[in-house]
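A.B. asks: Sequence and computational prediction follow.
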Amino acid sequence: MFEEIKINNEYKYYNGHEWKHSSVFEKIEIKSPVNSSIVGMIQNCNEEELKEVVENLKKGQKIWASTTIDERANILKKASQIMQTHTETISDFLLKEIAKPKKEAVDEVIRSAQITRFTGETIRNLEGIYLESGVFYNTKNNKKCLVKHIPIGIVLGIAPYNYPVNLSCSKIAPALAGGNAIILKPPIIGCISALHLVQCFIKAGLPKGVIAVVSGDPKKIGDILAPHKDISAISFTGSTSTGKQIAKIAGIKKLIFELGGKGSAIALNECNIEKTAKEITTGAFSYSGQRCTAIKRLFVQNKIADKLILLLKQETRKLSVGWDPLINQITPLVGLKHAEFVEDLITDAKEKGAHVIMGGTRNGNLIEPTIIVKVSIDMKIASVEQFAPVLPITCFETLDEVIKLVNQSEYGLQSSVFTQDIDKAFYVAERIQTGTMNINCSPSRGPDNFPFLGIKNSGIGVAGIKESILEMTKEKVIVIRTL
Ligand code: G3H
């Protein structure tokens with residue numbers, strides 16, 4: 001099944017027609033964040049190879065666009081089955097490449113298989129629009145309007161390291177369902193996992209020239225592909241700074257961006273304190289906080305602060321910390337540089353008067369689960385996205401005060417409010433500037449049939465199942481004049 005994607009330890013790229021070695025001699029080493037062992041080597045595609053990929057997909061997309069919905073949905077169903085069958089192999093690479101804990105790695109593959117199947121089912125049921133004239137002054141009943149969803153062309157999908165399988169899949173499946181071709185640019189760390197995913201789609205029977213996956217220097221690939229005239233849409237998940245850079249060079253094309261986040265959890269006095277502590281612990285620390293939707297700030301109302309913080313410490317202590325993703329829940333961050341950046345954030349907070357009441361130490365790229373109290377806006381940890389197992393806490397007194405504090409953020413992806421008072425829940429939910437407000441649950445992209453979007457510097461466009469298909473198609477309007 002996966003033999004053709006590599007020779008020995010060297011993984012190839014897929015140019016739309018075949019798995020190939022790049023003519024660039026230097027390969028990129030993928031080292032495990034767990035023990036620095038080499039997981040494999042990946043290709044470093046050059047400009048000529050990238051442009052050839054676009055040419056291959058230009059032809060293939062036209063053929064794919066003419067397939068029936070039934071054919072597309074059947075291939076997605078088959079791809080989903082193949083993924084599910086190979087869950088163990090693919091998830092093992094997530095352990096090795098990005099140190100994702102075993103359970104979360106398996107969940108990621110199964111979730112991807114489900115997204116793929118559900119996307120196929122959704123495209124079968126996607127409806128167009130029918131409109132009549134005669135609704136405005138001085139118009140007659142003599143025109144009918146049909147609106148249908150047609151393919152957008154070639155989609156460039158750029159996925160991040162934290163969900164290299166799932167966030168690749170959630171770009172590939174809707175692109176294909178909509179009749180598009182897709183070039184996937186996976187992250188460098190996580191690339192090998194994503195290459196396995198692409199092979200599942202190829203083996204499901206996609207015609208040639210419909211999917212491609214390229215690897216190499218992200219900046220070089222971005223500079224060539226993002227502005228390419230034959231690429232009609234870019235679906236990107238990653239940092240706000242990279243998103244801004246892509247937007248600058250992309251020109252006129254559809255942009256669907258999921259960028260950074262600084263998700264806040266707000267715990268009000270009358271919340272169910274035990275449940276809230278559990279939810280916040282999961283929200284802040286799962287996959288060591290390396291999730292765009294992780295809780296990255298906690299605001300606690302004064303009356304419950306001592307008790308909630310005590311419970312949070314108790315819950316956090318239950319997490320197993322270590323270097324082995326097979327048994328540990330808090331595992332090393334993917335890069336040492338990132339871990340050092342997180343350590344700097346903690347030091348900055350301490351220097352400015354915050355108290356580290358748990359963790360706070362770094363061992364190589366492993367950061368202990370950390371809780372910091374007395375966090376104020378002048379500290380970097382209050383505004384910068386940490387992407388790490390670090391929970392900064394600030395206390396507050398009134399609802400309006402906390403709403404103002406949360407809305408100071410440049411981000412607006414997801415946030416949560418915990419309370420048993422429905423009026424207060426809605427008061428807060430309606431005033432927080434965010435794509436999604438969760439009431440009594442921690443932020444999360446899933447379930448994947450829910451719309452997922454960011455406002456402010458957290459993104460543009462909407463993801464989901466139906467939403468992603470709609471974003472990756474365009475409307476074609478046909479007007480008929482009748483007697
Ligand atoms: O990291 C960004 C992901 O879209 C978050 O997904 O909420 O399912 O962890 P998740």
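C.D. replies: Nice, I can see it.
A.B. asks: got the residues of the stretch 351-483 of the chain near the ligand?
C.D. replies: Taking Cβ under 6 Å from any ligand atom as the criterion, the stretch 351-483 of the chain approaches the ligand at residues S444, R445, G446. Just so you know, the C-beta spots here come from the backbone N, C-alpha and C atoms, and that holds for glycine as well.
A.B. asks: what's the nearest residue to the last one if we skip its chain neighbours?
C.D. replies: What sits nearest to G446 in space, not counting adjacent residues and going by Cβ to Cβ, 6 or more residues apart in numbering, is R111, at 7.0 Å.
A.B. asks: separation between the one you found and the ligand?
C.D. replies: Taking Cβ to the nearest ligand atom, to the nearest Å as the measure, R111 and the ligand are separated by 8 Å.
A.B. asks: my guess is that residue meets D448, correct?
C.D. replies: Yes. Checked against Cβ atoms under 8 Å, the pair R111 and D448 is within contact range at 6.9 Å.
A.B. asks: What ranges does the stretch 151-300 of the chain have for its helices?
C.D. replies: In order along the chain, the stretch 151-300 of the chain carries the following helices (DSSP state H, counting those that start in this stretch): 166-177, 191-203, 218-225, 240-250, 273-285.
A.B. asks: TSV for these, including mean neighbour count?
C.D. replies: Putting those into TSV (neighbours: other Cβ atoms under 10 Å) gives the following:
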stretch	mean neighbour count
helix 166-177	30
helix 191-203	26
helix 218-225	18
helix 240-250	16
helix 273-285	21
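A.B. asks: between those, which gets nearest to the ligand?
C.D. replies: Distance to the ligand, taken as Cβ to the nearest ligand atom, is lowest for helix 166-177 among those, at 6.1 Å.
A.B. asks: by how many degrees do the host helix or strand of the residue nearest to G446 and helix 191-203 diverge?
C.D. replies: Secondary-structure element containing R111, defined by DSSP states H and E: helix 102-124. Angular relation of helix 102-124 and helix 191-203 on a 0 to 180 degree scale: 30 degrees, by axes from the mean of the first three to the mean of the last three Cα atoms, to 10 degrees.
A.B. asks: Which strands and helices lie in contact with helix 102-124?
C.D. replies: Applying 3 or more Cβ pairs under 8 Å, 6 or more residues apart in numbering; DSSP states H and E, one finds that helix 102-124 makes contact with helix 69-85, helix 87-98, helix 166-177, helix 466-471.
A.B. asks: Deepest-packed of those, please.
C.D. replies: By mean neighbour count, with neighbours taken as mean count of other Cβ atoms under 10 Å, helix 166-177 ranks first of the helices and strands packed on helix 102-124 at a mean of 30.
A.B. asks: which one of the helices of the stretch 151-300 of the chain lies closest to K143?
C.D. replies: Closest approach to K143 among these is made by helix 166-177 (30.7 Å; Cβ to Cβ).
A.B. asks: Tell me the gap between the closest one and the middle of its chain.
C.D. replies: Centroid separation for helix 166-177 versus its chain: 11 Å, with Cα atoms, centre = their mean, to the nearest Å.
A.B. asks: Kindly report the same for stretch 298-314.
C.D. replies: In terms of Cα atoms, centre = their mean, the gap separating the centre of stretch 298-314 from the centre of its chain is 30 Å.
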